[in-house]
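K.L.:
Would you be able to build a 3D model of this:
(one chain, ligands or ions: 1)
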Amino acid sequence: MNSRRQFIKKTIVGAAAVSAVNVIPAVASAQKVVKPIVISTWDFGVAANQAAWQVLNQKGKALDAVEQGVKVAEADLSNPTVGKGGYPDRDGHVTLDACIMDEQGNCGSVAALEHIAHPISVARLVMEKTPHVMLVGEGALQFALENGFQRDNLLIPSSEKAWQEWLKEKQYKPIMNIENKSFNTERLPGNQYNHDTIGMLALDAHGNLSGACTTSGMAFKMRGRVGDSPIIGAGLYIDNEVGGATSTGVGEEVIRTVGSFLVVELMRQGYSPEAACKEAVERIVKKKPETAKEIQVGFLALNKKGEYGSYALQSGFTYAVCDEQKQDLVIKGKHIFK
Ligand code: ASP
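P.N.:
Numbers count the residues shown, from 1 in each chain. Below you'll find the predicted structure:
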């Protein structure tokens with residue numbers, strides 16, 4: 001059992017507790033805004049949230065908080081799904097996807113970026129230093145190197161070993177429902193997770209929202225494959241009037257439904273963060289009922305009042321919450337399928 005699962009066992013609060021969280025007066029009140037607050041996908045979001053909290057607690061900007069926060073996951077070599085140490089594509093190249101969005105609707109993104117350990121910071125630079133939103137592949141690498149980022153070898157021995165194992169069968173069928181305990185994980189190299197993304201949303205002391213999203217995407221993916229995570233509106237969306245949303249899971253389905261934008265627009269119509277996430281996953285079920293049973297997609301949302309919620313297709317999705325009261329909360333997301 002890897003440390004991640006052990007960690008979940010220790011700190012997780014279940015779905016019942018989620019409702020408890022949702023009804024505590026500070027969160028439920030229409031008057032009181034809970035801020036600052038930062039939330040992020042999966043239990044590895046705890047360490048990332050804590051780094052973001054260092055910024056938020058000093059009255060820093062949500063934008064700086066989310067960048068600092070997700071960099072923790074990017075630097076964590078034990079995490080095979082984000083940053084350096086991420087599993088490579090099927091040809092052995094580690095290619096990273098990331099995006100960032102601020103309270104003014106500014107955004108930046110990189111996709112299929114190789115050799116750079118912190119794609120989120122390159123995405124931020126794309127936002128701040130170019131007239132563009134997205135740079136990909138060689139061009140993104142050139143931009144990063146020209147701006148002082150160091151070239152690095154992102155393929156660490158444990159990930160290379162997992163890839164070598166995968167090459168024995170070369171089965172191109174990404175197993176995305178890996179957290180679901182009913183799923184047979186025996187065939188996976190090292191019995192490890194083969195996908196996941198850190199998506200982070202923060203509301204700062206000034207009442208401004210920002211978000212960041214970063215991943216190595218599907219393990220052993222087709223070369224050139226890009227998922228939802230660097231696509232503004234799919235893997236991440238922020239509207240400072242309303243709230244923010246981010247996603248994890250099979251990126252193709254999130255792109256097809258423009259999932260994070262959908263969640264934010266539903267919140268604009270008055271949906272709670274949880275209800276908006278639920279509606280977004282239900283759209284996937286409605287469009288592809290059979291596929292939906294076989295895959296995982298999870299959405300996470302935060303509104304302007306500091307209220308948050310999530311919904312996933314399958315069990316196993318968790319998210320981390322950090323505010324003044326508690327800096328290491330992990331919540332088990334609600335889900336459609338049992
Ligand atoms: N959404 C990511 C992708 O499709 C993977 C994940 O979050 O599980 O690349």
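K.L.:
This structure: helices as residue ranges?
P.N.:
3-11, 15-23, 25-28, 45-56, 62-75, 119-129, 137-146, 157-169, 251-257, 259-268, 273-287, 289-294 (DSSP state H).
K.L.:
can you tell me which residues contact the residue nearest the centre of the chain?
P.N.:
For the chain, Gly199 is the residue whose C-alpha lies nearest the centre (CA atoms, centre = their mean; 2.4 Å). Gly199 is in contact with Ser40, Thr41, Gly211, Ala212, Cys213, Ser229, Gly235, Leu236, Thr246, Ser247, Thr248, Leu300, counting by CB atoms under 8 Å, 6 or more residues apart in numbering. Quick note: C-beta positions are derived from backbone N, CA and C, even for glycine.
K.L.:
Any idea what it is bridged to?
P.N.:
Per DSSP bridges, the residues bridged to Gly199 are Cys213.
K.L.:
do you know how far it is from the ligand?
P.N.:
Gly199 is 8 Å from the ligand, where distance means CB to the nearest ligand atom, to the nearest Å.
K.L.:
likewise Leu329?
P.N.:
21 Å.
K.L.:
give the contact list for the nearest residue to Arg268 once chain neighbours are set aside.
P.N.:
Leaving aside its chain neighbours, Arg268 sits nearest to Val242 (4.6 Å; criterion: CB to CB, 6 or more residues apart in numbering). Neighbouring residues of Val242 by CB under 8 Å, 6+ apart: Val264, Met267, Arg268, Asn303, Lys304.
K.L.:
Show me which of the residues you listed are buried.
P.N.:
Applying 16 or more other CB atoms under 10 Å to those, the neighbour count classes Val264, Met267, Asn303, Lys304 as buried.
K.L.:
Quick one: those as TSV, columns for pLDDT and distance to Ala98 too.
P.N.:
Output for those, formatted as TSV (pLDDT from 0 to 100; distance: CB to CB, whole Å):
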residue	pLDDT	distance to Ala98
Val264	98	19
Met267	98	24
Asn303	98	24
Lys304	97	25
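K.L.:
with the residues you listed in mind, which one is nearest to the ligand?
P.N.:
Within those, proximity to the ligand (CB to the nearest ligand atom) peaks at Val264, which comes in at 17.5 Å.
K.L.:
list the contacts for the closest one?
P.N.:
Neighbouring residues of Val264 by CB under 8 Å, 6+ apart: Tyr237, Ile238, Asp239, Val242, Gly243, Gly244, Ala245, Ala276, Ala301.
K.L.:
which among the residues you listed end up buried?
P.N.:
For the contacts of Val264, a burial check counting by 16+ other CB under 10 Å picks out Tyr237, Ile238, Asp239, Val242, Gly243, Gly244, Ala245, Ala276, Ala301.
K.L.:
Same list, those, but as TSV with pLDDT please.
P.N.:
What follows is the buried ones among the contacts of Val264, written out as TSV (pLDDT from 0 to 100):
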residue	pLDDT
Tyr237	98
Ile238	98
Asp239	98
Val242	98
Gly243	98
Gly244	98
Ala245	98
Ala276	98
Ala301	98
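K.L.:
Of those residues, which is the nearest to the ligand?
P.N.:
Proximity of these to the ligand was ranked by CB to the nearest ligand atom; the top entry is Ala245 with 13.3 Å.
K.L.:
Glu265 is in contact with the closest one, correct?
P.N.:
No: with contact defined as CB atoms under 8 Å, Ala245 and Glu265 do not form a contacting pair (9.5 Å).
K.L.:
And the strands in the stretch 101-250 of the chain?
P.N.:
With DSSP state E, counting those that start in this stretch as the criterion, the stretch 101-250 of the chain has strands at 107-113, 134-136, 198-203, 209-215, 236-239, 243-249.
K.L.:
thinking again about what came up before, what's the farthest-apart pair in the buried ones among the contacts of Val264?
P.N.:
Ile238 and Ala276 (14.0 Å; CB to CB).
K.L.:
Spell out which parts of the stretch 151-300 of the chain neighbour the ligand.
P.N.:
By CB under 6 Å from any ligand atom, the residues of the stretch 151-300 of the chain that approach the ligand are 195-197, 215, 217-218, 227-229, 248-251.
K.L.:
same thing but 8 Å
P.N.:
Within the stretch 151-300 of the chain, the positions adjacent to the ligand are 176, 195-197, 199, 215-218, 221, 225-229, 235, 247-252, 254, 296 by CB under 8 Å from any ligand atom.
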